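Participant: Give me the fold of what follows.
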Amino acid sequence: MPRPTAAQFAYGSATVIVSALALLLLSGAASDVAVAALCTAALALGLLVAAVLPAPRPVRPAALAHRAPDGPAPRRVPAARTSERTEEHSLRR
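Facilitator: From the prediction side, this is the model:
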């Protein structure tokens, strides 16, 4: 299960706080049971808001973000053979 993002925490927390205050002020609940029920409803609403937020898109690598324009494919140059490379190195020394 993926970890929640900072945006999910922020929106969920703000929803819980605002909805709990609004529900308590508008309902005029006085008993402990009613206050607990309203706070539980606010918590459920905050979890719902956090869960519905869209997941972040995966970051594309820089190599794919800046693609070359479509055109002919670049020519590939074959690599030198191992024996040729060792001869070149011995000649350079």
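Participant: what are the ranges of the helices in the chain?
Facilitator: Remark: helices of the chain, listed N- to C-terminal, are 6-27, 32-52, 62-65, 82-92; assignment by DSSP state H.
Participant: Put together a markdown table for these, with mean neighbour count on each row.
Facilitator: Backbone N, C-alpha and C define where each C-beta goes, glycine included. Supplementary listing: those in a markdown table, determined by neighbours: other Cβ atoms under 10 Å:
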| stretch | mean neighbour count |
| --- | --- |
| helix 6-27 | 14 |
| helix 32-52 | 14 |
| helix 62-65 | 7 |
| helix 82-92 | 9 |
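Participant: which regions of the chain lie under the pLDDT threshold?
Facilitator: Residue ranges of the chain with pLDDT under 70: 1, 59-71, 73-74, 80-93.
Participant: dump the residue contacts of Thr5.
Facilitator: Under the criterion of Cβ atoms under 8 Å, 6 or more residues apart in numbering, the contact partners of Thr5 comprise Leu53, Ala55, Pro56.
Participant: That concludes my questions; thank you for your assistance.
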